[in-house]
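J.: please find the sequence and the predicted model below.
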Amino acid sequence: KHLLVMKGAPEIVFAKCVTILINGEDVKIDETTKKQFREACEKLAGMGQRVLAFVDLHLDSEKFPPGYNFSTDDEEPNFPLDNLRFVGLMSMIDPPKASVPDAV
């Protein structure tokens, strides 16, 4: 069985999600969850940290059997990029490069 995993800018990948993993259970995303998500991202970003979001999706083994040729060569990938499950956020300290002060 294949597991699609994606990481990226929180607001982009979270928008592709319909569920969130909470205490090992899939929970439907509602307005409260969306608000909590935004607040968490704002808090982390406000601390000067770079934030990444992680999402996944268990793919149907009948539609995506072992040996399936996943491709992004066409205009659209041949696998789903929506109805995903939000797994979590990761933040990291990402200080400016040494050359940034000179550019400002």
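T.: Looks like it arrived, so ask away.

J.: per-residue pLDDT of residue 100, please?
T.: On the pLDDT scale, residue 100 is placed at 59.

J.: nope, residue 1 is what I was after
T.: Reported pLDDT for residue 1: 87.

J.: which SSE is immediately downstream of the helix ranked longest in the chain?
T.: Ordering each helix of the chain by length in residues (DSSP state H) puts helix 31-46 first. Downstream of helix 31-46, the first helix or strand assigned by DSSP states H and E is strand 49-58.

J.: got a list of contacts for that following strand?
T.: 1-10, 12-14, 16-17, 41, 44-45, 80, 83-94 (CB atoms under 8 Å, 6 or more residues apart in numbering). Quick note: C-beta positions are derived from backbone N, CA and C, even for glycine.

J.: quick one: low-confidence parts of the chain?
T.: By pLDDT under 70, the low-scoring segments of the chain are 95-97, 99-104.
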